[in-house]
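In: Next input, structure requested:
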Amino acid sequence: MTDAEKNNIIKLRAKGISYKKISAETGISENTIKSFFKRNTDLCPVCGIPLTGKKYCSDKCRISWWNKHPHRTFGMIECQCETCKKTFFAYPSKARKYCSKACYGKSCRKEKCNDK
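Out: All right, here's what the predicted structure looks like:
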């Protein structure tokens, strides 16, 4: 596969075209196209542009991916706020007790009131 064919395949895939349609349009086997994308894992997961040491090609793609996957909480654990008792997610290395600065502020005010 030539560099021109590779670039063409990447552009077509970035437009959201299926492997089967790319195969029909370029005349390259569908399995060859699938293998190409499996081997070249250093492609932007949103648009398919080749990358150099990054996960996304741009902030636009990064934000787009996170907006489509809001349920992702990599390495986070579920905690409960000591002030409002609402559950929130935090990284386990941080000793978070509050879900927000507002709850932290309320907690500090309560402690000051109790000290007097």
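In: any idea how far the residue nearest the centre of the chain is from C99?
Out: Central residue of the chain (CA atoms, centre = their mean): W66, 4.3 Å from the mean position. Look at W66 and C99: by CB to CB, to the nearest Å, they are 20 Å apart. Just so you know, the C-beta spots here come from the backbone N, C-alpha and C atoms, and that holds for glycine as well.
In: what does E78 give?
Out: Taking CB to CB as the measure, E78 falls 11 Å from C99.
In: okay, and the common contacts of these two?
Out: Common contact partners of E78 and C99 (CB atoms under 8 Å, 6 or more residues apart in numbering): F88.
In: So for the two, which sits in the more crowded spot?
Out: A side-by-side neighbour count of E78 and C99, using other CB atoms under 10 Å, places C99 first with 20 against 9.
In: Excluding covalently adjacent residues, which one is nearest to P50?
Out: L43 (5.8 Å; CB to CB, 6 or more residues apart in numbering).
In: my guess is that neighbour contacts I49, does it?
Out: Yes: under the criterion of CB atoms under 8 Å, L43 makes contact with I49 at 6.7 Å.
In: Identify the contacts common to these two.
Out: Contacts common to L43 and I49, judged by CB under 8 Å, 6+ apart, are I10.
In: just to revisit the earlier point, hang on, the residue nearest to the centre of the chain is in a helix, isn't it?
Out: Yes: using DSSP: H, G, I helix; E, B strand; the rest coil, the assignment for W66 is a helix.
In: how close does it get to N40?
Out: Taking CB to CB, one finds W66 at 23 Å from N40.
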